[in-house]
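[1] Can you look at this prediction? I've put the sequence above it.
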Amino acid sequence: MFSKVLVLCIGNICRSPMAAELLRQRSAVQVASAGLRACIGQDMDPYAQAVLHDAKVEVHKHHARQVDADMLHWAELILLMDERQMQAVVEIAPEVRGKSFLIGKWQGLEIADPYRRPKKAFQHTYDHLSRCVDDWLPHLSHEEDKK
């Protein structure tokens with residue numbers, strides 16, 4: 001069971017913060033998110049926030065940050081949106097390959113980037129991420145695991 005999850009995307013303002021909020025809502029794990037080319041310091045995209053709000057997912061304060069080797073080593077599970085991101089992570093820290101997976105692993109799915117697209121694209125991304133997060137829940141630590 002994993003208890004420390006790092007979710008990555010490119011800018012850390014759309015997909016990874018959305019997935020992180022879903023994981024926080026649905027599990028008891030520690031969750032962090034970052035970007036491979038982060039829009040450092042930026043808030044979550046307003047459409048991402050709106051879609052989460054519409055789905056009744058609590059949105060915590062978020063500032064985009066750049067992934068680094070320390071974050072990769074902290075995580076017990078690293079979830080990525082597509083294969084190119086997987087390659088980039090392995091270039092940063094080859095030793096984390098065994099704990100890095102596509103968030104859509106169980107559905108054979110890569111998550112498209114909705115950045116600079118209409119709200120409907122963010123809703124589509126949310127729908128995919130929601131199913132993907134649910135698929136990972138059996139592999140994550142539960143509150144009772146901590147007792």
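    Good, I have the coordinates. All values derive from a computational prediction rather than experimental measurement.

[2] Off-centre distance for stretch 110-125?
    Here stretch 110-125 is found 14 Å from its chain centre; the criterion is C-alpha atoms, centre = their mean, to the nearest Å.

[3] Buried ones in it, by neighbour count?
    E110, I111, D113, P114, Y115, A121, F122, Q123, H124, T125 (16 or more other C-beta atoms under 10 Å). No exception for glycine: its C-beta is placed from N, CA and C like everyone else's.

[4] now, the most widely separated pair of those?
    E110 and Q123 (17.6 Å; C-beta to C-beta).

[5] just to revisit the earlier point, so of the buried residues of stretch 110-125, which ones are in helices?
    Here DSSP state H is the test, and the buried residues of stretch 110-125 give A121, F122, Q123, H124, T125 as lying in helices.

[6] Looking at those residues, spot the one nearest I92.
    Looking across these and measuring by C-beta to C-beta, the closest to I92 is T125, at 24.4 Å.

[7] low-scoring pLDDT stretches of this protein, where are they?
    143-147 (pLDDT under 70).

[8] Output the ones in helices among the buried residues of stretch 110-125 as a markdown table; include the columns distance to C132.
    A markdown table is the format used below for these (distance: C-beta to C-beta, whole Å):
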| residue | distance to C132 |
| --- | --- |
| A121 | 16 |
| F122 | 15 |
| Q123 | 15 |
| H124 | 13 |
| T125 | 10 |
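
[9] Thanks a lot, see you next time.
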